[in-house]
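# Have a look; sequence and predicted model below, questions after that.
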Amino acid sequence: MKHLLSTADLSKDDALLLLDTSAQMAATQSREIKKLPTLRGRTVVNLFYEDSTRTRISFETAAKRLSADVINFSAKGSSVSKGESLKDTALTLHAMGADAVVVRHWASGAPAQLAHAGWLDAAVLNAGDGTHMHPTQALLDAFTIRRHLVGLRGGGADRDGVGSDLAGLKVAIVGDVLHSRVARANVRLLHTLGAQVTLVSPPTLLPVGVEAWPCRTSYDLDATLADWQPDAVMMLRVQRERMSGGSGAFFPSPLEYTRYFGLDGRRLALLPEHAIVLHPGPMNRGLEISAEAADSDRAVIVEQVANGVAVRMAALYLLLAHTEAAHTEGTSL
Ligand code: CP
């Protein structure tokens, strides 16, 4: 595999290799000296056409921990604001010798175009495109779920659950599915890893065609928590910035939304004792999640951010360093 564009492209073996390599990377991050020489002399470009805090910093940290040179490119303040096209930007990055391009773009499909148009030789890693995909977010979510619900629980698996899939686990993904690349990426990956997924959302915030996704849907959060008893609850950010401009989405009033779809202390109490709470961030505290839930012992939200560095180290390593060996041995990732 030359690029990481979508969780739909990942076989179960690919996904497990990424998660197991992430566990190895995480182990190196608890050492006093965290830096590895693996990508010395390679150049990673962070190409961000949309705002980001976690993903951009996490990819930058991951690349630097692997000793790569990192160039941060933000569309704001670049020649993109003078009308430069994605193609001309890609040709510029190619001329500068980029080995990997980490791209976040407001247009669904932009990373795939960058990967396949022949404008550059670099590996392309999708850091979130429109409402389409956010593969490294889903991988860090799966890594966090596996560590807590397979690894820390024991039963023969090591602390990170290395080698294990997520079979038998139930994950509820709650909120604004319509605009969420995180939801799309997670549904695909969790299904590949054997978990059962239920999407819980107001009908107006479920996409057309969701019936074909490999998951259940529900409009009733209380019933899903109390009766289905998920092992993990992933709250989605309400993406108000994507609701303006006539997207057609009817947004329930914030009060209604919080009342029917917000996670608070009362709803936390409906969950099994071992259940964990995830959120990709940034959070709308008081809208989709209360401060009580976000700061509770069950919330693993800060840990997700830490795990993101290990997952992105693994992705960069497998695409840039491991591929040469893999091609020689005839394996894919
Ligand atoms: N989860 C996530 O993608 O966060 P950022 O937008 O801050 O990168």
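Noted; the coordinates are in hand. Numbers count the residues shown, from 1 in each chain.
# helix/strand/coil for Trp119?
On the three-state scheme (DSSP: H, G, I helix; E, B strand; the rest coil), Trp119 is labelled coil.
# Leu114 versus the residue located most distally from the centre of the chain, what's the distance?
For the chain, the largest distance from the centre (CA atoms, centre = their mean) belongs to Lys82, which lies 30.8 Å off. For Lys82, the distance to Leu114 equals 20 Å [CB to CB, to the nearest Å]. Every C-beta, even on glycine, is put in place using the N, C-alpha and C of the backbone.
# One more: Ala138?
Distance from Ala138 to Leu114, by CB to CB: 20 Å.
# Same drill for the two, tell me which one is more crowded.
The neighbour comparison of Ala138 against Leu114 (other CB atoms under 10 Å) goes to Ala138, with 29 against 25.
# Enumerate every residue touching the more buried one.
Applying CB atoms under 8 Å, 6 or more residues apart in numbering to Ala138 gives the contacts Thr7, Val182, Ala185, Asn186, Arg188, Leu189, Leu190.
# Three-state assignment for the nearest residue to the fourth one once chain neighbours are set aside, please.
Translated: Asn186. Once flanking residues are discounted, Asn186 sits nearest to Ala138: 4.6 Å by CB to CB, 6 or more residues apart in numbering. Classification of Ala138 using three-state DSSP returns helix.
# What values do phi and psi take at the residue farthest from the centre of the chain?
Reported as degrees, to the nearest 10, the phi and psi values for Lys82 are phi -100, psi 10.
# is it true that Leu16 touches Gly161?
No: applying CB atoms under 8 Å, one finds Leu16 not in contact with Gly161, separated by 10.3 Å.
# okay, the two: which has more neighbours?
Neighbour comparison, Leu16 and Gly161: the larger count goes to Gly161, with 26 against 19 (by other CB under 10 Å).
# which residues does the more buried one contact?
Going by CB under 8 Å, 6+ apart, Gly161 touches Ala23, Arg146, Arg147, Leu149, Val150, Gly151.
# now it: how far from Leu287?
For Gly161 relative to Leu287 (CB to CB), the value is 32 Å.
# Now name the helix or strand holding the closest residue to the ligand within the stretch 151-300 of the chain.
Closest contact between the stretch 151-300 of the chain and the ligand, by CB to the nearest ligand atom, is at Pro280 (3.8 Å). Assessed by DSSP states H and E, Pro280 sits outside every helix and strand.
# And it, its phi and psi?
The phi/psi pair for Pro280 (degrees, to the nearest 10) is phi -70, psi -20.
# That one and Val162, how far apart?
Going from Pro280 to Val162 by CB to CB gives 24 Å.
# Which one of those two is surrounded by more residues?
Pro280 (27 against 18).
# In contact with the more buried one, which residues are there?
Pro280 is in contact with Arg54, His134, Gln137, Asp141, Val182, Met234, Leu236, Arg237, Gln304, counting by CB under 8 Å, 6+ apart.
# Pass me the low-pLDDT residue ranges in the chain, would you?
154-156, 244-250, 322-333 (pLDDT under 70).
# can you give me the helices in it?
12-28, 54-65, 86-95, 110-116, 135-146, 181-192, 221-223, 254-261, 265-268, 291-294, 301-316, 322-329 (DSSP state H).
# out of those helices, deepest packed?
Most buried of the helices of the chain, by mean neighbour count (mean count of other CB atoms under 10 Å): helix 135-146, with a mean of 28.
# chain center to that helix, what's the gap?
Centre-to-centre, helix 135-146 and its host chain are 6 Å apart (CA atoms, centre = their mean, to the nearest Å).
# Report the angle between that helix and helix 54-65.
The directions of helix 135-146 and helix 54-65 differ by 90 degrees, with axes from the mean of the first three to the mean of the last three CA atoms, to 10 degrees as the criterion.
# Which residues of the chain lie near the ligand?
Residues of the chain lying near the ligand by CB under 6 Å from any ligand atom: Ser52, Thr53, Arg54, Thr55, Gly128, Gln137, Pro280, Gly281, Pro282.
# redo that, cut-off 5 Å
Neighbours of the ligand within the chain, by CB under 5 Å from any ligand atom: Ser52, Thr53, Arg54, Thr55, Pro280, Gly281.
# tell me the contacts of Glu211?
Thr217.
# And it, how close does it get to Leu152?
The gap separating Glu211 from Leu152 is 35 Å, by CB to CB.
# before we move on, back to that, kindly reformat the contacts of Pro280 as JSON lines containing distance to Glu256.
Conversion of those to JSON lines gives the following (distance: CB to CB, whole Å):
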{"residue": "Arg54", "distance to Glu256": "29"}
{"residue": "His134", "distance to Glu256": "27"}
{"residue": "Gln137", "distance to Glu256": "27"}
{"residue": "Asp141", "distance to Glu256": "27"}
{"residue": "Val182", "distance to Glu256": "23"}
{"residue": "Met234", "distance to Glu256": "21"}
{"residue": "Leu236", "distance to Glu256": "16"}
{"residue": "Arg237", "distance to Glu256": "17"}
{"residue": "Gln304", "distance to Glu256": "28"}
